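Quick one: sequence and predicted model below, then my questions.
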Amino acid sequence: MNIISLLKPKSTVSYVYDSSTLRQGLEQMKAHRFTATPVITHEGKYAGVVSEGDFLWYLLKKDAKSDLKHLESVYIKDIIDANKFKPVRITATMKDLLLMVMNQNFVSVIDDRDCFIGIITRKSVLEYFYTKEAENEIEYQ
């Protein structure tokens, strides 16, 4: 099965730019009530995922200031770990997705140019496998 059928396209997904300030990122996550959101560059390239934990660990640093003015001078790209949430290419298999959603709520999807094109949620992957199991047609490729 092609994973594109499970894709939530970029135009329907909330994301932040790596050049957004921490304050902007926090406000967006609060508004949408997300615990994590994809991060992209202004060129559309995938940069990583920022999570509540990233914000929390930054604020808990001894040298970090927690006033809102300071949060406007620090950028998302300064706090994300680009290796923490690896994306998949649009050519990934359902088995690849299943392994990834065991550890994260969504998987970012990129094209051959490393541009962010959307996400696939854990829920949609589980629904796919549930349906296939019910039909007794699990496909692992």
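That came through fine.

mind checking which helix or strand of this structure has the lowest mean pLDDT?
helix 68-71 (a mean of 73; mean pLDDT, DSSP states H and E).

in its sheet, what does the following helix or strand past that one sit against?
Sequence order places strand 88-89 as the next helix or strand after helix 68-71, per DSSP states H and E. Here strand 88-89 is paired, per DSSP bridges, with strand 106-110 (parallel).

average pLDDT for the partner strand?
Averaged across strand 106-110, the pLDDT comes to 96.

mind starting the numbering at 41 from now?
Understood, numbering begins at 41; the last thing we discussed is strand 146-150.

Who are the packing partners of the following helix or strand past it?
Next in sequence after strand 146-150, counting helices and strands by DSSP H and E, comes strand 156-161. If you count contacts as 3 or more Cβ pairs under 8 Å, 6 or more residues apart in numbering; DSSP states H and E, strand 156-161 packs onto strand 48-49, strand 76-80, helix 134-141, strand 146-150. From N, CA and C alone the C-beta is placed, and that goes for glycine too.

For I120, which of those is the nearest?
When those are compared by Cβ to Cβ, strand 76-80 sits nearest I120, at 5.7 Å.

who's the residue nearest the centre of the chain bridged to?
Nearest residue to the geometric centre of the chain (Cα atoms, centre = their mean): P78, 3.6 Å. Judged by DSSP bridges, the bridge partners of P78 are V89.
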